[in-house]
Structure formats: structure tokens, C-alpha cells
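Q: Sequence below, structure please.
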Amino acid sequence: MNHFNSIIGQSPVFESLLRSAKVVASTDVTVLIKGDTGTGKEVLATSIQKYSVRADKPFITLNCAALPEGLVESELFGHRKGAFTGANSNKQGIFQSVDGGTLFLDEINSLPLSIQSKLLRFLETGECLAVGDTKPYFVDVRIIAATNTDLQTQIQLGSFRQDLFFRVNVVPLELPPLRQRAEDIELLTKHFLQRFAKDYNIALASFSKQTLKVLREYAWPGNIRELRNLCERMSILLSGRIVEPENLPLEFTASTQIATSNGSPFTLPEVGLKLDALEADMIHQALQRTNGNRSKSARLLGVSRDTLLYRIQKHGLSTH
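A: Below is the predicted model of the structure:
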């Protein structure tokens, strides 16, 4: 069975990504999946695991951002009885539970620095040390990590170790945001609408051509997760009907109403403007919206990351 068939998409950028994912799945290499929130990083990680030689071994997902900082070390590596208040018995860590299998570290950017050093040690030697123990143990675990932030920026800020980045970034796979694969939207909507019609045992809804045009022009800040939620809502509220643009939530149609009659989203004021000042302001707004993430800012502005870095330097802007 080809487990990558569950990932929907035929756009060139997405098919290129899947080809790379299939190649690395058949190896034991460490993988770093990059992508905005909602692009499907966990789905891709699951497919890689199911396509790998470890497919019949344990697979555990850990959202690094969801655990309190004080519990991360114990959850990952385990602890000995009496290691800290409340440690009333020995506890096996996730690394021991997944021995022989695959551990998916989602939002690895949220790992505390103290845990990053222990993870680096494991990646280099296979060695783990439980909290309160003095004797290490060794496990055989493949790591697939994911991040929705620019780790290079975090390295510069001192919140992510550069040596750990080199260890997890052996093979990077970057999931494109949905706005960069608009040609996949029709396929994805059909998939989700059919799925929800079956799940809820209701008549199949569909999107009109005009509605699909609106969806292709939408920015999709929530990516595939947002599209999935829209399809679920329309499936339930408009069961068996054709969804027209006027049936969509306001944010979908409002974004298309700012375009002028000639198709341009911006009209030059009669009094003119200062182009350099406008460019600097747009870059500043993009950096603020993305909390200084230059890769995301570049995508918002429709330029390459290198071009954005050049223009940040040109205007003397701060990314913090």
C-alpha cells in the first residue's frame, strides 16, 4: 500500500515534496519538516513512518509546545523514584516506549535549551539519561521533527542550539502554504466534502465554479486546516446543496472586494506617494505580523527570503 496516497495534491511544488519524502522514508535519516501552522506536517510525518522500514514499530507524536517545561525532560527520558517531588516511582520515558520505532517531535522549536542538549546527545550517540539517574541507557529511535518557525532566527536569538539544528536538519522538507498551491484546492475540497458526507451520513455538498474561484484567490492563513474546517461547516449547513460565494463566511468574500475594477489590489493616490517609505512600511508590517519570521514575511510580501533580507538591510529595519 502506498501510504502517501492519503496526501492530496498535484501541484508541481507539492509533487516535488512528496517525491523527496518517499526517498527519505525508505532510509533511517533524521528529517526536519518545515511549514506554517495547518500545512499538514503531522500527516506527512505519519506517511513517512508508514512508508519506512519501521512501519510496524511504535510511532509516538509529542507536541513539544504542549508540555510544561518542567515535565518535558521526564516525559522524554523518564525519571527515577525520588528524583523530584511527586516522583513516587520509576517512570519510563517516551524514548524507551518508542525503542525500535519513530518519534515525531512537533514544534521542536519549543524545546527548552536544557532539553535540546540532551536531545543532541541522543542524536549523536543514542544515549539517554533519566532524571535522577547516573547510568545512561541506549535506544534505537528515528527522529522526525517539525517546526513552524524559522530556526535560523531562533539560533540568532539564542533560543535554539545551532549544533542541534545541524543534527535535525539532515534532510529538510518544507510544506508549502496552501496559497502557493491554489491548483490543489479543488482536489482538496472534493476529498473533504466526500469525507464529511460519509462521516455524518449526509448528502454530498459541492462548490460552484464561482466559489472555487473565490477559494483559489483567498490567502488561507490557516492553510489546509482552515480549508478542512470550512468544508466540514458547509457539509453540515448546506448538505446536498451547491455552495455559492454568498454562502461563504465573510472573510472569504471580503478579501476579493478590495480589488479594483482593473484587478489591482492597490490604487495610486492622486497626490502620489513615496515608494521607499511605502516599501519599508509594508516590510515592517509583515515582520510584525509574523513576529520577526523572515521566511513567513517574505511569503506575505511575495518575494524571496534573500530579497527580503536585502531590503531589510536597505531600509535599516530591525527584525526583532
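Q: Just the pLDDT at the residue positioned nearest the centre of the chain, thanks.
A: With distances taken as CA atoms, centre = their mean, the residue of the chain nearest its centroid is Gly35 (3.7 Å). At Gly35, the predicted lDDT confidence score is 94.
Q: Please verify my assumption that it contacts Glu42.
A: No: with contact taken as CB atoms under 8 Å, Gly35 and Glu42 are classed as non-touching, separated by 10.4 Å. (C-beta placed from N, C-alpha, C; glycine too.)
Q: anything in contact with each of those two?
A: Ala146 (CB atoms under 8 Å, 6 or more residues apart in numbering).
Q: all helices of the stretch 51-200 of the chain, in order?
A: Assignment of helices within the stretch 51-200 of the chain using DSSP state H, counting those that start in this stretch yields the ranges 69-77, 94-97, 113-125, 151-157, 162-168, 185-199.
Q: and the fifth one, what other elements does it pack with?
A: To tie it back to what came earlier, the one meant is helix 162-168. In terms of contacts (3 or more CB pairs under 8 Å, 6 or more residues apart in numbering; DSSP states H and E), helix 162-168 is packed against helix 113-125, helix 151-157.
Q: Is it possible to get CSV of these that adds mean pLDDT, distance to Phe192 and mean neighbour count?
A: Converted to CSV, the helices and strands packed on helix 162-168 look like this (pLDDT from 0 to 100; distance: least, CB to CB, whole Å; neighbours: other CB atoms under 10 Å):
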stretch, mean pLDDT, distance to Phe192, mean neighbour count
helix 113-125, 95, 36, 16
helix 151-157, 93, 31, 16
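Q: Out of those, the one nearest Asp276 is which?
A: helix 151-157 (25.0 Å; CB to CB).
Q: who touches the closest one?
A: Contacts made with helix 151-157 from outside it, assessed by CB under 8 Å, 6+ apart, are listed as 109, 160-162, 165, 169, 292-294, 319-320.
Q: what's the pLDDT at Leu238?
A: According to the model's per-residue confidence, Leu238 sits at a pLDDT of 97.
Q: check contacts around it.
A: Contact analysis of Leu238 by CB under 8 Å, 6+ apart lists 205, 247.
Q: check contacts around the nearest residue to Glu174 once chain neighbours are set aside.
A: Distances taken as CB to CB, 6 or more residues apart in numbering put Lys34 closest to Glu174, at 4.4 Å, once the chain neighbours are dropped. Lys34 sits next to 146-148, 172-175 when contact means CB under 8 Å, 6+ apart.
Q: May I ask which of these comes out lowest in pLDDT?
A: For the contacts of Lys34, the least confident position by pLDDT is Asn148, scoring 92.
Q: from what I can see that residue touches Ile108, true?
A: No: at 10.0 Å, Asn148 and Ile108 do not qualify as touching, with contact defined as CB under 8 Å.
Q: neighbour-wise, which of these two wins?
A: Higher neighbour count among Asn148 and Ile108: Ile108, with 26 against 20, using other CB atoms under 10 Å.
Q: mind listing what the more buried one touches?
A: Here Ile108 is in contact with 32, 64, 145-147, 168 (CB under 8 Å, 6+ apart).
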